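Colleague: what would the 3D arrangement of this be:
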Amino acid sequence: MDNEYLLNKKLGILGGGQLGKMLCLEAARLDLDLSILDKDASFPAAKLCKRFVEGDFKNYEDVMAFGRTVDILTIEIESVNIQALKDLKAEGKIIHPDPYKLEIIKDKKLQKEFYVKNQFPTSVFKAYKDASDVKEAYTAGAIKLPFVQKARKDGYDGRGVQVVNKEADLALLLDVPCIVEPKVDIAKEIAVIVARNDKDDVKTFPAVEMEFNPHANLVEYLHCPSYLDDIQEAVAQKLARDIIRSFDICGLLAVEMFLTNAGNILINEVAPRPHNSGHHTIDSSATSQFEQHLRAIYNMPLGSTKTLSPAVMVNLLGEDKEQGPVKYCNIDQVMELPGVHLMLYGKTETRPFRKMGHATVVASNLNTARSRAEQVKRILKIKSF
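Modeller: Numbers count the residues shown, from 1 in each chain. All right, here's what the predicted structure looks like:
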């Protein structure tokens, strides 16, 4: 199909949060006709898209009605109505990621079974019906401490995961269908963003290394380049390329991995959309992850993934015990720091540990970038009025 013609096609995004907002910023550069579906016009992307439709992306009728107004449909979150996407695909709409593959990815049990079937390295796991089922398995000796429980569906930003280090933690188990994995002996948590178009062109961004907030279980700092050696980097990049081709996905795929203390790389999980582990690319890469996603779903040539500068990203989280209309404190001091690029998401209300924005710090070396990122975290406080 003629790519010039594809650029004239209307794009719809299911989800109007920060990822939708950053997609809108890149779509404006290509003058794309972009619409958003989400529940409330106060959400971050609403201010930037050509058309914002209030509706529920989990609702079949809302997704069908919205999808029929556009030519290409993509997502910023996995918890969308799959049946509607399947039916829209049958009507001839271009859907990225493919709804049949999204159906696998949004269910952690099906996702893990996909890795096993296709011989990708991942930790062993078993599925359970609910918290009682997990406790019974533990009592019977089928599960050993420590372990990690993951909700099969709707986990996001640290939610849907429970680490069980001791017996007392069993009281914290999530009472949902889930999988249980042994707690992996992790040396590093890494991610590779990979993109693919319909021509089977595939490009990976360099691996990043992530540090997680111990209270919220979400990314706090991200380093690019990572501290992997050349062999580890090559293994991680090849895994990402192989996985996106195995899923036959067009668009972005964020592949989160564990590097174990034994030196093995295991697949943790994937997300078929722009991802927190790629936000630094806006300020430190030749092509941002958001532009790359648009290039891929419009079947255009993929952009260079070259890193232009070492970077450290820090997520800007709502302060603990703060909830209500948002107030950014000391932002002027942060903006005086060299190499600091702020992205505030435009969420009107803060909550404890809610992602309210991020800062990417570029510098000549990672040590300098990390030091300034830590300054940003110390200085900028996100509170409520």
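Colleague: can you pull up the most central residue in the chain?
Modeller: By CA atoms, centre = their mean, the mean C-alpha position of the chain lies nearest to residue 275, the distance being 2.9 Å.
Colleague: roughly how far does the residue lying closest to it once chain neighbours are set aside sit from residue 53?
Modeller: Excluding its sequence neighbours, the residue lying closest to residue 275 (CB to CB, 6 or more residues apart in numbering) is residue 254, at 3.3 Å. No exception for glycine: its C-beta is placed from N, CA and C like everyone else's. Residue 254 sits at a distance of 26 Å from residue 53 (criterion: CB to CB, to the nearest Å).
Colleague: and what of residue 313?
Modeller: In this structure, residue 313 and residue 53 are separated by 31 Å, where distance is defined by CB to CB.
Colleague: between the two, who's got more neighbours?
Modeller: Neighbour comparison, residue 313 and residue 53: the larger count goes to residue 313, with 31 against 17 (by other CB atoms under 10 Å).
Colleague: ok, now which ones touch that one?
Modeller: For residue 313, the contacting residues are 221-222, 224, 279-280, 358-361, 373, by CB atoms under 8 Å, 6 or more residues apart in numbering.
Colleague: who wins for most neighbours among the residues you listed?
Modeller: The most neighbours, when the contacts of residue 313 are compared by other CB under 10 Å, belong to residue 280, which has 30 neighbours.
Colleague: re the thing from before, what is the neighbour count of the residue nearest to residue 275?
Modeller: Residue neighbour count, defined by other CB under 10 Å, stands at 22 for residue 254.
Colleague: wasn't it part of a helix?
Modeller: No - secondary structure of residue 254 (DSSP: H, G, I helix; E, B strand; the rest coil): strand, not part of a helix.
Colleague: partners of it in the sheet?
Modeller: Note on residue 254: beta-bridge partners by DSSP bridges are residue 193, residue 271.
Colleague: ok, now residue 359?
Modeller: For residue 359, the beta-bridge partners under DSSP bridges are residue 314, residue 342.
Colleague: all helices for the protein, in order.
Modeller: For the chain, applying DSSP state H gives helices covering 3-6, 18-29, 60-67, 82-90, 99-105, 108-117, 131-139, 230-247, 281-284, 289-297, 331-335, 366-379.
Colleague: buried residues in the longest one?
Modeller: In this case it means helix 230-247. The neighbour-count check on helix 230-247 (16 or more other CB atoms under 10 Å) flags 232-233, 235-237, 239-244, 247 as buried.
Colleague: residues contacting residue 192?
Modeller: For residue 192, the contacting residues are 204-208, 236-237, 239-240, 254-255, 257, by CB under 8 Å, 6+ apart.
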